[in-house]
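Q: with the sequence up front, the predicted model follows.
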Amino acid sequence: MGLGSPMTKPREIYLPPQFPAGDPPQVSRVRSTLLSASLQGVRHMGWEQRYFEALPPALHAEMRMLAPGVWLPIALGIAHYTACDRMGLSVDDIKAMGKAVSLRTQKTFVGTLGSVAAGAGATPWHIYRHGHRIWARIFDGGDHVVYKAGLKDVDIVVMGCPLFRIRYFRTSACAYYAALAGVVATGVHWHELAEHRGDTTLGMRISWV
């Protein structure tokens, strides 16, 4: 659903999209860093056997030998997260995975932002100001817009990513973004914005205290 959905109230744009009319290039590649962190989480939780039983056998060797810091076709990302979805994990487990992956993939970058901002009374707004840079570290293509929905409420709408058709990835992505706020805030909560749900679109509201 587009950015001007009649189901959403007018909101102040905090970080505008990079492409006009909400029409970004579709995500074509994903960084191996993201898939490696996700697979590491699967192993840490003791779910490796379940994961590989759900993943097509032809991809087992590729996923077991991911090179660090390289671009991979989005098709591999779709296969990976489809396998994660097929494991039938609880929502709480998926949230925990999304948070852990966020901290693994953005620890240095976001940690630096948080440390610098903390000296000036940081809030999650300091983190989300760099939203495009955070996204570009793991995806090639896509776009997002950040809205200020309240003093401590942010709406984030991400577009152009085919992974959003996968339930597991939608949930873990929301948890991923919420974990960014948790770098400098406590009591972080989030929920998905159903009016922005689509095959390549995801919306979420993140709030903190």
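A: Yep, that arrived.
Q: next up, the contacts around residue 103.
A: Going by Cβ atoms under 8 Å, 6 or more residues apart in numbering, residue 103 touches residue 179. No exception for glycine: its C-beta is placed from N, CA and C like everyone else's.
Q: which SSE is it in?
A: Using DSSP states H and E, residue 103 sits within helix 91-118.
Q: can you pull the contacts of residue 188?
A: With Cβ under 8 Å, 6+ apart, residue 188 has these contacts: 124, 178-179, 181-182, 206-208.
Q: any idea which of these is closest to residue 34?
A: Closest approach between the contacts of residue 188 and residue 34, by Cβ to Cβ: residue 179, at 13.6 Å.
Q: show residues contacting whichever strand or helix holds the closest one.
A: Per DSSP H and E: residue 179 is located in helix 167-181. Under the criterion Cβ under 8 Å, 6+ apart, residues 38, 81, 84-85, 89, 91, 94-99, 101-103, 106, 110, 124, 127-128, 134, 154, 156, 158, 163-164, 188-192, 197, 202, 204, 206, 208 lie in contact with helix 167-181.
Q: all helices for this protein, in order.
A: For the chain, helices defined by DSSP state H occupy the ranges 32-44, 48-54, 60-64, 74-86, 91-118, 124-128, 131-136, 167-181.
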